[in-house]
Every structure is written in C-alpha cells, then in structure tokens.
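Novice: Dropping a prediction and its sequence here:
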Amino acid sequence: MPRIAEIEGTPNPNAMKFILKEPLTWGITCSYDNAEQARDDPLASALFELEHVTNVFYVDHWITVTQDGGADWHELTRKLAEPIRAAPAADDHSAAVAAASTTAIAGLSPQDQQRLEKINELLDEQIRPYLQGDGGDLYVIGLEGNQLSVHYQGACGSCPSSISGTLAGIENLVKSIEPDIEVIAV
C-alpha cells in the first residue's frame with residue numbers, strides 16, 4: 001500500500017502529482033486516457049470511477065491524475081487518495097523493465113536502432129527528468145526516416161505548452177545530434 005508523501009501541482013492546472021513512499025512500478029509507465037483503456041488496471045480503473053478524471057499516468061514513485069477542469073482540487077484530491085493508498089506496492093520486475101525498453105526499437109534497422117538509442121539517451125538526460133518533475137513524461141513511438149514520433153503522458157498530455165514550446169525545444173535538442181530530424185507529437 002503506497003503512502004502519499006507529497007501532493008504537488010503541475011504546470012498543467014488540470015493535473016495533480018502524487019509522490020509516493022513506495023513504488024507502484026519499477027520503470028514501467030502506465031498511461032490511460034479513459035476508463036476503457038484502464039479496464040485491466042485496478043488502480044487506474046478505480047481512479048476513473050471518480051467524476052471528472054480524464055487521464056491517469058504513473059511510474060515508479062509517483063502518479064499524475066488529470067481532471068476535466070470541473071472539479072475542486074481540494075475535494076477531488078481527498079477522493080483520489082483512497083484508491084492510491086489502497087493500491088499494492090510494486091514487486092521488483094527487472095526483467096519486465098528490460099523487455100519493455102526494447103519494444104520501441106523492435107523492427108528497426110541496426111542503424112536506426114543506434115540512432116534511436118542515442119536520441120533516447122539524450123531525452124533521458126535532458127528532457128524526461130524535467131517532464132517527470134512536472135508530473136508527465138515523453139514516450140518515443142517510433143522513428144521513420146527523419147521523423148521522430150513522440151507521445152506525451154500524464155500532465156504533459158493535455159498541457160498547452162507541451163504541444164508548442166516544449167515540442168520545439170525537444171526538436172532543437174535532438175537536432176544537435178540529428179540535424180535533419182522532425183519531431184511530431186501523436
């Protein structure tokens with residue numbers, strides 16, 4: 001049962017980040033945009049049962065919940081805390097984490113796999129820590145030619161600055177190692 005250590009606002013006024021004392025996962029992100037997507041996840045399903053919840057994103061020691069803007073955060077936070085506290089803490093699944101990290105590069109040529117690994121290293125060092133600090137993350141969907149497809153998760157998924165300023169910043173950073181790359185959010 002994860003205990004809540006802290007609750008933080010995010011740059012997205014419709015998202016709240018819960019920092020936990022015990023992990024929910026070990027490196028595996030869980031991101032859901034609706035109750036149907038979350039049907040096999042007991043924690044996310046319980047959160048979507050609450051009125052106004054529009055997105056659930058969690059990894060390791062934190063969870064971000066996004067609402068539709070129609071709820072009072074003080075009241076909704078109390079309701080969200082119950083299923084979060086009732087969720088089981090994660091077991092160590094190191095093998096699952098390793099398998100999940102190789103999924104994005106499956107089917108790519110060895111050259112494109114190397115390119116994607118370098119891009120992910122750069123994102124891991126200079127982008128993801130900041131997005132995670134704000135209750136979100138970035139998942140690389142794929143690399144086709146000079147087009148890198150990314151998907152924002154958590155608080156970043158519905159934050160207006162993600163699609164404009166942050167995306168341009170990511171593209172400029174990735175261009176430092178791939179000058180002809182175009183980054184698109186999907």
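Specialist: On my side now, so go ahead. Residues are numbered from 1 along each chain as shown.
Novice: Over to Glu6. Which of the three states is it?
Specialist: Using DSSP: H, G, I helix; E, B strand; the rest coil as the criterion, the local structure at Glu6 reads strand.
Novice: what does the one 5 residues further on give?
Specialist: Each residue gets one of three states, and Pro11 gets coil by three-state DSSP.
Novice: separation between it and Ile181?
Specialist: 25 Å (Cβ to Cβ, to the nearest Å). Just so you know, the C-beta spots here come from the backbone N, C-alpha and C atoms, and that holds for glycine as well.
Novice: One more: Glu125?
Specialist: For Glu125 relative to Ile181 (Cβ to Cβ), the value is 17 Å.
Novice: With Leu143 instead?
Specialist: Leu143 is 9 Å from Ile181, by Cβ to Cβ.
Novice: Find residues that contact each of those two.
Specialist: Ile119 (Cβ atoms under 8 Å, 6 or more residues apart in numbering).
Novice: Glu125 and Ile181 - which one has more neighbours?
Specialist: Neighbours were counted for Glu125 and for Ile181 using other Cβ atoms under 10 Å; Ile181 has more, 18 against 10.
Novice: Relative to Leu148, how far out is the more buried one?
Specialist: For Ile181 relative to Leu148 (Cβ to Cβ), the value is 6 Å.
Novice: What of Thr64?
Specialist: For Thr64, the distance to Leu148 - Cβ to Cβ - is 23 Å.
Novice: Please identify which of the two sits among more neighbours.
Specialist: Neighbours were counted for Thr64 and for Leu148 using other Cβ under 10 Å; Thr64 has more, 27 against 22.
Novice: Packing partners of the strand or helix carrying Glu125?
Specialist: For Glu125, the element it lies in under DSSP states H and E is helix 110-126. Contact here means 3 or more Cβ pairs under 8 Å, 6 or more residues apart in numbering; DSSP states H and E; on that basis helix 110-126 packs against strand 136-144, helix 167-174.
Novice: Just checking: what are the partner strands of the next helix or strand after the longest one?
Specialist: Toward the C-terminus, strand 136-144 is succeeded by strand 147-154 as the next helix or strand (DSSP H and E). Counting by DSSP bridges, the strands paired with strand 147-154 are strand 136-144 (antiparallel), strand 182-185 (parallel).
Novice: So what touches strand 147-154?
Specialist: In contact with strand 147-154 (Cβ under 8 Å, 6+ apart) are residues 15, 17, 29, 31, 55, 57-58, 64, 66, 119, 131, 135-143, 157, 159, 162-163, 167, 170, 174, 178, 181-186.
Novice: now these: which count as buried?
Specialist: Applying 16 or more other Cβ atoms under 10 Å to those, the neighbour count classes 15, 17, 31, 55, 57-58, 64, 66, 119, 131, 135-138, 140, 142-143, 157, 159, 162, 167, 170, 174, 178, 181, 183, 185 as buried.
Novice: that's a strand at Pro179, yeah?
Specialist: No - according to three-state DSSP, Pro179 belongs to no strand; its state is coil.
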